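Colleague: Below: sequence and its predicted model.
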Protein chains: 2
Amino acid sequence: MPRAVIGRLSLYLRELEAFERRGETTVSSSLLGSALGINDAQVRKDLACFGQFGRPGIGYRIAELIRALRQILGIDRDWPTAIIGVGNLGRALLRYRGFRNRGFHIVALFDNDPKKIGQTVGGLVVQPLERLGEVAEELGLRLAILTVPGEAAGRVAELAAGCGIRGLLNFAPVTLTVPEPLSVISVDLSIQLENLAYRVLHEPNGGEAITD
Amino acid sequence: MPRAVIGRLSLYLRELEAFERRGETTVSSSLLGSALGINDAQVRKDLACFGQFGRPGIGYRIAELIRALRQILGIDRDWPTAIIGVGNLGRALLRYRGFRNRGFHIVALFDNDPKKIGQTVGGLVVQPLERLGEVAEELGLRLAILTVPGEAAGRVAELAAGCGIRGLLNFAPVTLTVPEPLSVISVDLSIQLENLAYRVLHEPNGGEAITD
DNA sequence: TAGATTGTTAATCGATTAACAATC
DNA sequence: TAGATTGTTAATCGATTAACAATC
């Protein structure tokens, strides 16, 4: 399944939830698509990858499609998640409510700074990185958010892979190459601003909105 | 120019800076590409869009290419930038050193919460949103980072457009549609985790690394 | 029934890769 | 010179869109 499709699935879900909040019960591919600037055929094609959710002449039943998408995306369950690197960004993400709403529960914090280890932040005690394996097993951690400095990221990613972590959301501005059963998604916030600056300089009329 | 090319330009720059720190002076398209998991022909093609930077038989001179990319991306200058929404994420981004290193200087904070207005955070006084236009003009603001709740994002984006802001880095989990000369790049952190969860569930051997 | 809208096939479009003459 | 590597063209690949029979 192309990664682009999965990215759009999340966007569909977000829009469907907005439609539902507005009291709608049904939505067509063209309405859902135009809310996101996506072609109606693409919406139908993306959804058809996973089953027959629509009814000709009627469209998609919102509640039903939301349920299906949550299951496909794997957010019909809880994901105990660790934050590795308790700096500014790590602390902010610990408190970010959007994660919890989606089933991503931050249940452990790690750092290698002796000054931070043992501190309680947001109700969690910061643990030394050496305990990652132990804690991961104990809490069933499969996901971790990596908010350490760039210099440390490679080493920590290796460590995480060895500790059974299966997915890493990396905020360090480096390319990580990690062994097989670990997946990495990197978000470089500076690069996002760079791309925005480019558009401001070179696309004087503004471009269409970019999502991720 | 395709947006994908611009995204890769930033990645090339990041890797080139790493090569330079390691003391290299020259790099080939295949070496630069393999550091990022990108085909060598693509590296050459991307760079050739903007000029003839390479020498056959030798490769690219790193210092020269860094300078050129910084100019193309528009980070050969300072970008005074505002943060709108002084919550956890806004505060964390205010202190994020990666922005400053790239020329993005946070010079103003805005919020509409009376409890926050007037507070000093990181040396800056939180101002009411109504002052955005005035301050934008005074400080030459063209970029803003939007870290307000989803419900407020649409309204604030409209306001920003009216105040001459030209680029918005949006962290609210909503689709923004804004008038013409404003560009928006949206980063939905929950969606990144959702995509990671999907991969962990459905790609048991891990996938290749995803950057943004 | 007529109108709306699906799932899906075929056509289009754009992006990636392979190949290679030119050249350091 | 021989080896390496570029810029660029042509070939390939994949993703997006148009079109339409099926159907609610």
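Modeller: Structure's in. What do you need? Residues are numbered from 1 along each chain as shown, chains lettered A, B, ... in the order given.
Colleague: ranges for the helices of chain A?
Modeller: For chain A, the helices defined by DSSP state H cover A:3-21, A:29-36, A:40-48, A:62-73, A:88-95, A:97-101, A:132-139, A:150-162, A:189-202.
Colleague: rank these by pLDDT, which is bottom?
Modeller: Mean pLDDT values for the helices of chain A show the minimum at helix A:97-101, a mean of 93.
Colleague: Just the buried positions in that helix, please.
Modeller: For helix A:97-101, burial by neighbour count (16 or more other CB atoms under 10 Å in any protein chain shown) applies to A:98-99. Bear in mind the C-beta positions are built from the backbone N, C-alpha and C, glycine included.
Colleague: what's the spacing between it and its chain's center?
Modeller: 11 Å (CA atoms, centre = their mean, to the nearest Å).
Colleague: what's the answer for stretch A:187-202, then?
Modeller: Chain-centre distance of stretch A:187-202: 20 Å, with CA atoms, centre = their mean.
Colleague: can you list the domains in chain A?
Modeller: As assigned by automatic domain parsing, chain A contains the domains A:3-73, A:79-191.
Colleague: I'd like to know which of these lies nearest to chain B.
Modeller: Counting by CB to the nearest CB, chain B lies closest to domain A:79-191 out of those; the figure is 3.4 Å.
Colleague: Surely A:Ile75 is in contact with B:Asn195?
Modeller: No - between A:Ile75 and B:Asn195 there is no contact under CB atoms under 8 Å: 10.6 Å.
Colleague: Get me the contact residues on chain A for DNA strand C.
Modeller: A:28-30, A:40-41, A:44-45, A:47-48, A:52-60 (CB under 7 Å from any atom of the strand).
Colleague: Separate out the buried members of those.
Modeller: A:28-29, A:44, A:47, A:54, A:59-60.
Colleague: quick check, nearest of the residues you listed to DNA strand D?
Modeller: The closest of those to DNA strand D turns out to be A:Arg44 (CB to the nearest atom of the strand; 6.9 Å).
Colleague: can you tell me which residues contact the residue lying closest to the closest one once chain neighbours are set aside?
Modeller: Once flanking residues are discounted, A:Arg44 sits nearest to A:Ser29: 4.6 Å by CB to CB, 6 or more residues apart in numbering or on different chains. Contacts for A:Ser29 (CB atoms under 8 Å, 6 or more residues apart in numbering or on different chains) come out as A:40-41, A:43-44, A:47, A:54, A:59-60.
Colleague: hmm, back to that, between the buried ones among the residues of chain A next to DNA strand C, which is closest to DNA strand C?
Modeller: A:Gly54 (2.7 Å).
Colleague: among the buried ones among the residues of chain A next to DNA strand C, which are in reach of DNA strand D?
Modeller: Among those, the residues lying close to DNA strand D (CB under 7 Å from any atom of the strand) are A:Arg44.
Colleague: so where's the longest strand in chain A?
Modeller: Scanning chain A for the strand with the most residues, using DSSP state E, yields strand A:104-111.
Colleague: Which strands or helices does that strand pack on?
Modeller: Other elements packing on strand A:104-111 under the criterion 3 or more CB pairs under 8 Å, 6 or more residues apart in numbering or on different chains; DSSP states H and E are strand A:79-84, helix A:88-95, helix A:97-101, strand A:124-128, helix A:132-139, helix B:189-202.
Colleague: Quickly compare the ones you listed and say which is most buried.
Modeller: Scoring those by mean neighbour count under mean count of other CB atoms under 10 Å in any protein chain shown gives strand A:79-84 as the most buried, with a mean of 24.
Colleague: what sits against A:Asn150?
Modeller: Not Asn; residue A:150 is Gly. Residues counted as contacts of A:Gly150 (CB under 8 Å, 6+ apart) are A:172-174.
Colleague: repeat for A:Val107
Modeller: By CB under 8 Å, 6+ apart, the contact set of A:Val107 is A:80-82, A:124, A:139, A:141.
Colleague: Tell me, what's the model's pLDDT at the residue of chain A most remote from its centre?
Modeller: Of all residues in chain A, A:Gly57 has its C-alpha farthest from the mean position, at 34.1 Å, by CA atoms, centre = their mean. A:Gly57 is assigned a predicted lDDT (pLDDT) of 97.
Colleague: For it, give its distance to DNA strand D.
Modeller: Between A:Gly57 and DNA strand D the distance, using CB to the nearest atom of the strand, to the nearest Å, works out to 2 Å.
Colleague: Residues of chain A that sit close to DNA strand D?
Modeller: Within chain A, the positions lying close to DNA strand D (CB under 7 Å from any atom of the strand) are A:2, A:4-5, A:38-39, A:41-42, A:44-45, A:55-58.
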